[in-house]
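J.: Just need the structure, nothing else, for what follows:
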Amino acid sequence: MEVLMRAWVQRAIVGLTVVVCMGCVLLASLFFLIRRNACSNEVLQTLDVSGVRFEVESASCDLIAKDEVVNVYAMRLGGKQYWPFSSWGRHRTLIFRYDPGRDDNPLPSITVPSQSSIRILIPEVSSIAVQNRKWENMSISYEIDKVYYPAKSN
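T.: Predicted structure coming up:
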């Protein structure tokens, strides 16, 4: 009787372990599928000025809480590219990232007043995550009228 009971307990433990492991695998797979499709990027504006291309891109993630940022990228314009997949290897640099705060906030205005400077103007942002002051051999100046949640300075 005791041997039979011991064998039954061992089988029950093995069965329970298998069920728990399968449940963990299913939950991890479900989380991966939800997380993979939770973020989206959309190019809102492309501007070519003085041999530089600027891309303004909205990045939105919606998993537990909605997180939206606007990224501004800069890249040098090259010659004509005839290969169909040439844009895959493009090198763009993030120069400005901010939280717009609202969907109806205007996009930044980007100008190149001289060969050595870039100027970014925007009326308001919620907060700023990245604000580079230099890109390659060009200085970047910002004119932001209102930042609702400025970074804390030490």
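
J.: Report how many residues lie close to residue 106.
T.: For residue 106, the count of nearby residues is 10 (other C-beta atoms under 10 Å). All C-beta atoms are positioned from the backbone trio N, CA, C, and that covers glycine.

J.: what helix or strand does the nearest residue to residue 141 once chain neighbours are set aside sit in?
T.: Distance criterion C-beta to C-beta, 6 or more residues apart in numbering; nearest residue to residue 141, sequence neighbours excluded, is residue 119 at 5.2 Å. In this structure, residue 119 sits in strand 117-125 according to DSSP states H and E.

J.: If we go by neighbour counts, what in that strand is buried?
T.: 118, 119, 120, 122, 125 (16 or more other C-beta atoms under 10 Å).

J.: Can you tell me which helices and strands it packs against?
T.: Contact here means 3 or more C-beta pairs under 8 Å, 6 or more residues apart in numbering; DSSP states H and E; on that basis strand 117-125 packs against strand 93-99, strand 109-114, strand 138-147.

J.: Most tightly packed of the ones you listed?
T.: Stretch with highest mean neighbour count among the helices and strands packed on strand 117-125: strand 93-99 (a mean of 19; mean count of other C-beta atoms under 10 Å).
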